[in-house]
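S.K.: the following block contains a protein sequence and its predicted model.
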Amino acid sequence: MTAIRQLDGRKVGAWEAERDERPFCCPGCSEVVTLRRGGLIAPHFAHKPPVTCEYGTGESEEHRRCKIAIYEALLPHTLVRKCEMERDLGAVRPDVSAYINNVPVAIEVQASNLTLEKIRRRTEEYARRGIYVLWLPIYKESLKAELYAPRPFERWLHEAYFGRVYYWVEGLRIQPVHFRDYLTRVRGRTKDYEKLSNRKVPIDGEPCSLVEDFMPVERDAWARDFIRIPQAKLFIDKQPGWYEDAALRSLHARRTSAQRGAWSPARRQRRAG
Ligand SMILES: [Zn+2]
């Protein structure tokens, strides 16, 4: 979505570039790229065929729209500094990055073609650089159903982010969702028994703002079954567990206020009431 304007060597976004400022070059391979803008498509730059460069491949139209929307919503916000799209950090290039409340944050819009291995590696890399990462799949209607079968990366995110997946809705609005285990009855030879289903019960938290309602957290490495979470720096929401019963919730609140950094008193009071 960004390219280098040869005229002055500056990085420009496809949404702001003008055709008469050509040529534009790919930040990855330096080949000349074409500005695609107009009509119904989200503005972007495209390689000329045959395409051998991996920079920006695999981005869907939906993914591009989401990136622009987040970028444009963050940019004018008073609590946000240095907002940039596709910042080149060498090994990683976050979709959108910024200082949010003075916390360095990388936002990665989850494209469906990313493997767990890549998500894990990038999460590790951000932690190494002291950047807090927020992985954001895009909200979809099927999450409103009673049962939902999370994809492998959603299960991974659910473990990484302490039992929540954050879905991007619009602008800065994020929908946190918890997936509760679901048992199905299976007919056995002698008697019926219950077994953990691949499908889960999605339980919505309060919709929240990417700027006001998130905070930085560090977590230790952890592994179970096929899920391996590296030591990570994560950007997570401040809500106590809306899916836990009251006793667990107060334990969670104590634990998180110690572990995740203190909440503001105003917030704690509102939650307690
Ligand atoms: Zn390229």
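M.R.: Alright, I've got the coordinates. Numbers count the residues shown, from 1 in each chain.

S.K.: where does the stretch 51-200 of the chain get nearest to the ion, residue-wise?
M.R.: Per Cβ to the ion, the residue of the stretch 51-200 of the chain with the smallest distance to the ion is Cys53, at 2.9 Å. In short, each C-beta sits where N, CA and C put it, glycine included.

S.K.: and the nearest residue to that residue once chain neighbours are set aside, how many neighbours does it have?
M.R.: Excluding its sequence neighbours, the residue lying closest to Cys53 (Cβ to Cβ, 6 or more residues apart in numbering) is Cys29, at 4.0 Å. Residue crowding around Cys29 was assessed by other Cβ atoms under 10 Å; the count is 13.

S.K.: what's the answer for Val32, then?
M.R.: 14.

S.K.: enumerate every residue touching it.
M.R.: Contacts of Val32 were listed using Cβ atoms under 8 Å, 6 or more residues apart in numbering, and they are 23-26, 48.

S.K.: picking up where we left off before, okay, the residue of the stretch 51-200 of the chain closest to the ion: pLDDT?
M.R.: In this prediction, Cys53 carries a pLDDT score of 80.

S.K.: ok, it to Tyr99 distance?
M.R.: 30 Å (Cβ to Cβ, to the nearest Å).

S.K.: what residues does the protein have near the ion?
M.R.: By Cβ under 5 Å from the ion, the part of the chain that sits against the ion consists of 26, 28-29, 53, 55.

S.K.: circling back to that earlier point, so which of the contacts of Val32 belong to strands?
M.R.: With strands identified by DSSP state E, the entries of the contacts of Val32 that belong to them are 24-25.

S.K.: which residues touch the closest residue to Lys144 other than its chain neighbours?
M.R.: Distances taken as Cβ to Cβ, 6+ apart put Pro202 closest to Lys144, at 7.7 Å, once the chain neighbours are dropped. For Pro202, the residues meeting the contact criterion (Cβ under 8 Å, 6+ apart) are 143-145, 148, 177-180.

S.K.: can you rerun that using 7 Å?
M.R.: 143, 148, 177, 179 (Cβ atoms under 7 Å, 6 or more residues apart in numbering).

S.K.: ok, now which ones touch the residue of the stretch 51-200 of the chain closest to the ion?
M.R.: If you count contacts by Cβ under 7 Å, 6+ apart, Cys53 has them with 26, 28-29, 31, 47.

S.K.: quick one: least confident of these?
M.R.: Pick the lowest pLDDT in the contacts of Cys53 and you get Gly28, at 82.

S.K.: His63: helix or strand, and which one exactly?
M.R.: Per DSSP states H and E, His63 falls inside helix 61-74.

S.K.: CA-only coordinates of that helix in CSV, if you can.
M.R.: The C-alpha coordinates for helix 61-74 follow below in CSV (Å, rounded to 0.1, in the frame of the first residue of the first chain):
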residue,chain,number,x,y,z
GLU,A,61,-9.1,-6.0,-0.8
GLU,A,62,-10.6,-6.4,2.7
HIS,A,63,-7.2,-6.4,4.3
ARG,A,64,-6.2,-3.2,2.5
ARG,A,65,-9.4,-1.4,3.4
CYS,A,66,-8.9,-2.4,7.1
LYS,A,67,-5.4,-1.1,7.1
ILE,A,68,-6.4,2.3,5.6
ALA,A,69,-9.3,2.6,8.0
ILE,A,70,-7.1,1.9,11.1
TYR,A,71,-4.4,4.2,9.9
GLU,A,72,-6.8,7.1,9.2
ALA,A,73,-8.5,6.7,12.5
LEU,A,74,-5.2,6.7,14.5
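
S.K.: tell me which residues are up against it.
M.R.: Contacts to helix 61-74, defined as Cβ under 7 Å, 6+ apart, come from residues 1, 15, 41-42, 44, 80, 83, 85, 95-96, 98, 107, 109, 111, 138, 168, 170-172.
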